[in-house]
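**Q** Sequence plus predicted model, see below.
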Amino acid sequence: EKMAHAMRGAGPAESDEEEGVEGLREDPDVEMVRDQDRLLPIANVSRIMKNAIEKNAKISNEAKACMQECASEFVGFVTSEATELCQAEKRKTISGEDILTAMKNLGFDCYVEQLREILLKYRKATKPVRNAETGEKDKDG
């Protein structure tokens, strides 16, 4: 139910009829969304997939498209759960911690600790460098 809510309007047409515009479906309760607006870029998904396999292995276009759909759906699913957490706390900005909590709530506990380490590395890498004398942020960081 949550996944359907997360990607409302993002699925393929529910009838066999073509609406005339690829990637869109007609539903009076759902705003029409183009594939390019709801899916992660196929080149990025393909690159990640290629990095996970041997150099001589190949990936079919069908597999790339399937992974693109799955990865995009997953991002929407987790984001929807994180949004609910923020709304419950009357906040508008989703944090990295919200994503980790959402992952845990959705049953992806086995990934949370590794993702927490990645989040900490990200925070360290993006933390502004402060000038020791003035306490102000340096222009480089």
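**A** Right, received. Where do you want to start? Residues are numbered from 1 along each chain as shown.
**Q** could you pull out the helices for the protein?
**A** For the chain, applying DSSP state H gives helices covering 2-6, 35-38, 42-51, 61-88, 96-105, 109-126.
**Q** ranking those helices by mean pLDDT, which is last?
**A** Here those differ in mean pLDDT, and the lowest is helix 2-6 at a mean of 47.
**Q** Excluding sequence neighbours, find me the nearest residue to the residue nearest in space to the middle of the chain.
**A** The centre of the chain sits closest to Val75, judged by CA atoms, centre = their mean, with a distance of 2.8 Å. Closest residue to Val75 apart from its sequence neighbours, by CB to CB, 6 or more residues apart in numbering: Leu40 at 7.0 Å. Heads up, the C-betas are built off the backbone N, CA and C, glycines and all.
**Q** Val45 now?
**A** Val45's closest residue in space is Gln68 (CB to CB, 6+ apart), at 4.7 Å.
**Q** how near is the one you found to Met49?
**A** 10 Å (CB to CB, to the nearest Å).
**Q** Thr93 now?
**A** For Thr93 relative to Met49 (CB to CB), the value is 31 Å.
**Q** Same check on Gly96?
**A** Gly96 is 25 Å from Met49, by CB to CB.
**Q** Tally up the residues packed near Ala65, please.
**A** Neighbour count for Ala65, taken as other CB atoms under 10 Å: 14.
**Q** Let me know whether it touches Ile42 as I believe.
**A** Yes: counting by CB atoms under 8 Å, Ala65 does reach Ile42; the two are 7.2 Å apart.
**Q** Overlap of the contact sets of those two?
**A** Counting by CB atoms under 8 Å, 6 or more residues apart in numbering, Ala65 and Ile42 have no common neighbour.
**Q** OK, contacts around Ala63?
**A** Counting by CB under 8 Å, 6+ apart, Ala63 has contacts Met49.
**Q** try 10 Å this time
**A** Residues in contact with Ala63 (CB atoms under 10 Å, 6 or more residues apart in numbering) are Ser46, Met49.
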